[in-house]
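K.L.:
give me a model of this one.
(chains A and B)
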Amino acid sequence: MTANSLTIAEARDALRKGDLTATDLTMACLTAIDAAEGLNAFVHKTPEIALDQARAADARLQAGAAPDLCGIPLGIKDLFATRGVPTQAASNILKGFKPEYESTVTSKLFEAGSVMLGKLNMDEFAMGSSNESSCYGNAVNPWRAAGSNALLTPGGSSGGSAAAVAADLCLGATGTDTGGSIRQPAAFTGITGIKPTYGRVSRWGIVAFASSLDQAGPMAKTVRDAAILLQAMAGHDPKDSTSADIPVPDFEAALTGDIKGKVIGIPREYRMDGMPAEIEALWQQGIAMMRDAGAEIRDISLPHTKYALPAYYVIAPAEASSNLARYDGVRYGHRAKLGQGDGITELYEKTRAEGFGKEVQRRVMIGTYVLSAGFYDAYYNRARRVRALIKRDFETVFAEGVDAILTPATPSAAFGLGEMANATPVEMYLNDVFTVTVNLAGLPGISVPVGLDGKGLPLGLQLIGKPWDEAGLLNHAYVLERAAGFVAKAEKWW
Amino acid sequence: MSIDTDTARKVAKLARIRVEEADLPALADQLSGILTFMEQLNEVDVSGIEPMVSVTPMRLKRRADVVTEGGIQDQVLKNAPEAREGFFAVPKVVE
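P.N.:
Numbers count the residues shown, from 1 in each chain, chains lettered A, B, ... in the order given. Modelled structure (predicted):
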């Protein structure tokens, strides 16, 4: 075993004891990254920055009292602005963009002593569920079905983050989740990913997709590692007016493994028509695990679940069309070459046609349409009303004593790259069916690997928590993780 | 609600994205498919429900109306495709 396959908790302890140096750990990751070109997970490598940070971390560790993340090598999703390092949101429209500033999340991670190995692949502007809309080409899932060489999607949009963590290229990674973009790829690659409560983590310096839904969170090998990472990422930020000014509890200390007497809700509306038997079986296993741990299992109803996806696909594109208006070829990024007589309108139109990929163009146009005069009420306002009802569904069950909700994370295991090429946009959107409600309601949600399907591919379950109760949610996830005992790793082929 | 080629052209124009005339019918089809999916929302009784505005019930913080990070013109212009004399440069806007 090489150092890059350690968990964050294991590496932290080894670094503090002096059994390992941050420099050696970082070198092990850089070597693994160079040997994993086939996964296309890292799209901008930053070995010089990594080694500088590792040396500084070693000095800090020697001085004693170093933070938990001191010397821990991480991958950073390409959506986070990193000073002087390409930040493209996997889009050609931001080609060449090197921010003059650092996102709040990465600033906090660096202050805690962590090491940046590079930027990670993703769907363009985080719009996608398979990583296939990336301007860098898709990342690849380290997992393959038994007896098959076919390449699978790592999921999306945080597909590079998921692939990198699952393949031990880094010890943990940042992700962002607007409709499931942390939890779905985590489930597809057999890792853990948590989307915190809206407002728990600052959005400042993260390329915006849909501002009322976007939330950053960690992707990690274990629940404990997710807790350690979230601790460093969370907290109030004056630069993000929607970040909550409330104390951040000690997430790792919350992992007691005791959920006796807690009430776990099982929403009947998540039993979808045509759901694969393996997903249903996995869900039942998870229910049994929670019951065996002493929790009370309760059937609940979230009656507006069915309308979450259509509401999401009004609200998210509407916000995206507004956020992405800034890409105009004037202040940063790509600018189209203009023809004779072209003016400012042609500059905008040609720049955006060349710079945005097809899915991003579609969503910007859908958003433009639902916000346009005459349709604003019929689509956008109606979707926001339905969103209020979806949020109320959750508030009702939490008020009735439910502590957490257990559901499948995804409607299937990882699918083949290119398999959805002829699917309609709506068919691709169905990937988010179990995750998108959580974003609409602003709740925390976590995906935990629980088992393998008949082809040997990982499957995950999702736990949904009460607002601001990431601590309780992580503890529930910890119980599920220990009961499931998921230790399988992708067999190395890359 | 289905979107025809004229509407697709208009939406593309509003979104400031150039779409070639030949690509408009396919775009109209895709947009129509998405809008049809959204129409499920018409089944929901939303009478008396206010559109959701903020995700968490909290008052947005206000800050003092002062310059926080000023005097960084070079940094602001650093990533501009074209900058001149301290300004972003664009094609002629006014004749």
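K.L.:
CA atoms for contacts and neighbours, from now on please.
P.N.:
Noted.
K.L.:
which parts of the stretch 1-150 of chain A sit against chain B?
P.N.:
Applying C-alpha under 8 Å from any C-alpha of the partner chain, one finds that the stretch 1-150 of chain A approaches chain B through A:97, A:98, A:99, A:100.
K.L.:
tell me, what's the model's pLDDT at the last one?
P.N.:
Same thing as residue A:100. Per-residue pLDDT puts residue A:100 at 97.
K.L.:
so it, which state does it fall into?
P.N.:
Three-state call for residue A:100 (DSSP: H, G, I helix; E, B strand; the rest coil): coil.
K.L.:
quick one: the closest residue in space to residue A:355 that isn't next to it in sequence from residue A:426, how far?
P.N.:
Excluding its sequence neighbours, the residue lying closest to residue A:355 (C-alpha to C-alpha, 6 or more residues apart in numbering or on different chains) is residue A:93, at 4.0 Å. Between residue A:93 and residue A:426 the distance is 25 Å, computed by C-alpha to C-alpha, to the nearest Å.
K.L.:
between these two, which one's more packed in?
P.N.:
For residue A:93 versus residue A:426, neighbours defined as other C-alpha atoms under 10 Å in any protein chain shown are more numerous around residue A:93 (26 against 18).
K.L.:
what are the ranges of the strands in chain A?
P.N.:
For chain A, the strands defined by DSSP state E occupy A:42-45, A:73-77, A:115-120, A:172-177, A:192-195, A:215-220, A:263-267, A:296-300, A:404-408, A:445-452, A:458-465.
K.L.:
and the helices in chain B?
P.N.:
Along chain B, the stretches classed as helices by DSSP state H are B:5-14, B:24-38, B:73-77.
K.L.:
how about those helices, which one is nearest residue A:212?
P.N.:
Nearest to residue A:212, of all the helices of chain B, is helix B:24-38, at 19.1 Å by C-alpha to C-alpha.
K.L.:
how about that closest one as PDB, C-alpha atoms only?
P.N.:
C-alpha atoms of helix B:24-38 as PDB (Å, rounded to 0.1, in the frame of the first residue of the first chain):
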ATOM      1  CA  LEU B  24     -33.000  26.200 -35.200                       C
ATOM      2  CA  PRO B  25     -35.600  23.400 -35.900                       C
ATOM      3  CA  ALA B  26     -33.600  20.800 -33.800                       C
ATOM      4  CA  LEU B  27     -33.200  23.400 -31.000                       C
ATOM      5  CA  ALA B  28     -36.900  24.200 -31.100                       C
ATOM      6  CA  ASP B  29     -37.600  20.400 -30.700                       C
ATOM      7  CA  GLN B  30     -35.300  20.100 -27.700                       C
ATOM      8  CA  LEU B  31     -36.600  23.100 -26.000                       C
ATOM      9  CA  SER B  32     -40.200  21.900 -26.600                       C
ATOM     10  CA  GLY B  33     -39.300  18.600 -25.000                       C
ATOM     11  CA  ILE B  34     -38.000  20.300 -21.900                       C
ATOM     12  CA  LEU B  35     -41.000  22.600 -21.700                       C
ATOM     13  CA  THR B  36     -43.400  19.600 -22.000                       C
ATOM     14  CA  PHE B  37     -41.600  18.000 -19.100                       C
ATOM     15  CA  MET B  38     -42.000  21.200 -17.000                       C
END
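K.L.:
that helix: which residues count as buried?
P.N.:
By neighbour count on 16 or more other C-alpha atoms under 10 Å in any protein chain shown, the buried set for helix B:24-38 is B:24-25, B:27-36, B:38.
K.L.:
for residue A:92, see how far away residue A:346 is.
P.N.:
From residue A:346 across to residue A:92, the span is 18 Å (C-alpha to C-alpha).
K.L.:
picking up where we left off before, TSV for the residues of the stretch 1-150 of chain A next to chain B, including neighbour count and distance to residue A:414?
P.N.:
Shown next, in TSV, are those (neighbours: other C-alpha atoms under 10 Å in any protein chain shown; distance: C-alpha to C-alpha, whole Å):
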residue	neighbour count	distance to residue A:414
A:97	22	32
A:98	19	33
A:99	22	34
A:100	16	37
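K.L.:
coming back round to it: and the buried residues of helix B:24-38 near chain A, which?
P.N.:
Answer for the buried residues of helix B:24-38 near chain A (C-alpha under 8 Å from any C-alpha): B:27, B:30, B:31, B:33, B:34, B:38.
K.L.:
looking at those residues, spot the one nearest residue A:473.
P.N.:
Nearest to residue A:473, judged by C-alpha to C-alpha, of those is residue B:38 at 31.8 Å.
K.L.:
ok, now which ones touch the nearest residue to the closest one once chain neighbours are set aside?
P.N.:
Computed as C-alpha to C-alpha, 6+ apart, the closest residue to residue B:38 that is not its neighbour in sequence is residue A:310, at 4.6 Å. Shown in contact with residue A:310 (C-alpha atoms under 8 Å, 6 or more residues apart in numbering or on different chains): A:383, B:37, B:38, B:39, B:40, B:41.
K.L.:
quick check: pLDDT value at residue A:310.
P.N.:
According to the prediction, residue A:310 has pLDDT 96.
K.L.:
list the contacts of residue A:266.
P.N.:
By C-alpha under 8 Å, 6+ apart, the residues touching residue A:266 are A:297, A:298, A:299, A:300, A:301, A:405, A:406, A:407.
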